[in-house]
Structure formats: C-alpha cells, structure tokens
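*Asks:* sequence? don't have it. structure:
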C-alpha cells in the first residue's frame, strides 16, 4: 500500500511511525519541540514504505511553525536530521526545499523515503536538487530503497508525468526531460544494473 490512513495511539505521535522503531525516543524528543506552535497535527493520510523489512508511515503533510522548524534543522545531529525529514512534508514548498538540501548529504537509510517522495510532487525547485545529486551517481541506499519499494517508485513516476503535463509542459517539450522523471528513471536503471550484476 502506498497511501493509507493512520491514527496514532495515545502513546505515540503520527511522526513516530515515520521512522524505524529504534528511533522512537529521538523522534519524540524532536517532535516535542516541533509541535509547539503548529497549526494543527499532521494529516491522517500517510505514505507507507518499507525500510529494512519495517513499514514506515510518513505523514503526507505537517503544519509546524516554519521558523521553529528551520531552527530545529540547523543542528547537525540526529534530532536535526529528523526535523529536516519531517520538514520535507511541510505544507510550504520553500520549507520543503530547504529541508531537502540539508538531508541530501546525510548517509542514513531512514532519510531516503523523505527525499524520494519529493520526486512525485509538483514543486520543481524540490525535484531539481535530487536529480542533480543522482546525476553525480546514485548511492546504494537509494537503490536499496527502490528494490524494497518498486511499486511505490512506479507510482511516483506516474505522478511526475502527471505534474509535468499539468504544470511544466511549456518548459519541457517531453516528459523525459522533466527533472523528477529523469531522476526516477536514473534510479530505476541503477537498480536494474545492480540486479544484472548479481544475476
């Protein structure tokens, strides 16, 4: 399942389900800061993906105060990275872009779904940095993610084409030239190349 609805129990927040269970304590600590001043809790709609045989349910949108969020992302520790991950789900596209740029150098598997999801959204300023990163070579963590979530990545590819058609056809004559689509195709090819080597 790619999209579903999830209501957290009384002992967890929506955000704790977005990360591996081993990180619950760090996530709760980060969210405690982020939740202060938020417009309202994260959406019940979640993006369901698999990481190392663990299902993560990532809120589709969060509504934290953007100044508090960006301040929280400025620390170069796990709490800052968690805040940046959740910031990629922010309702403000400019905030999503800033949080993404902080995440791209981070070498943690649990960061990957927050990055890849942005390739299926309409803000080109968010997909462009991912394409540029992938153009320099696709890291193993992204290939592993693709192998664990092929249907999800295929779904994102369809969304990318749809957004190209709706918003960017005037800039890119063919959907094959649209950065989000190109990034997803590069990811698929990298995963296929690994599979062929293992065969």
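*Replies:* Structure received. It should be emphasised that the depicted structure is a prediction, and the values quoted were computed from it without experimental measurement. Residues are numbered from 1 along each chain as shown.
*Asks:* What helices and strands are in contact with the helix or strand containing residue 160?
*Replies:* Using DSSP states H and E, residue 160 sits in helix 150-163. Counting contacts by 3 or more Cβ pairs under 8 Å, 6 or more residues apart in numbering; DSSP states H and E, helix 150-163 packs against helix 179-198. Using the backbone N, CA and C atoms, a C-beta is placed for each residue, glycine as well.
*Asks:* any idea of the mean pLDDT in the helix it packs on?
*Replies:* Taken as a whole, helix 179-198 has an average pLDDT of 87.
*Asks:* On the pLDDT front, check residue 1 for me.
*Replies:* At residue 1, pLDDT is 45.
*Asks:* what ranges do the helices span in the chain?
*Replies:* Assigned by DSSP state H, the chain shows helices spanning 24-34, 66-73, 78-87, 93-103, 112-116, 124-135, 140-148, 150-163, 179-198.
*Asks:* Looking at the ones you listed, which is nearest to residue 52?
*Replies:* helix 140-148 (7.9 Å; Cβ to Cβ).
*Asks:* Give me the contacts around the closest one.
*Replies:* Identification of contacts with helix 140-148 by Cβ atoms under 8 Å, 6 or more residues apart in numbering yields 49-52, 107-109, 111-113, 115-116, 134, 153, 187-188, 190-191, 194-195.
*Asks:* which intervals of the chain have sub-threshold pLDDT?
*Replies:* 1-12, 195-199 (pLDDT under 70).
*Asks:* Residue 175 versus the spatially most central residue of it, what's the distance?
*Replies:* Nearest residue to the geometric centre of the chain (Cα atoms, centre = their mean): residue 114, 1.6 Å. Using Cβ to Cβ, to the nearest Å, we find residue 114 at a distance of 24 Å from residue 175.
*Asks:* again with residue 14
*Replies:* Distance, residue 14 to residue 175, by Cβ to Cβ: 33 Å.
*Asks:* doesn't residue 154 make contact with residue 187?
*Replies:* No. Residue 187 lies out of contact with residue 154 (Cβ atoms under 8 Å); the separation is 11.1 Å.
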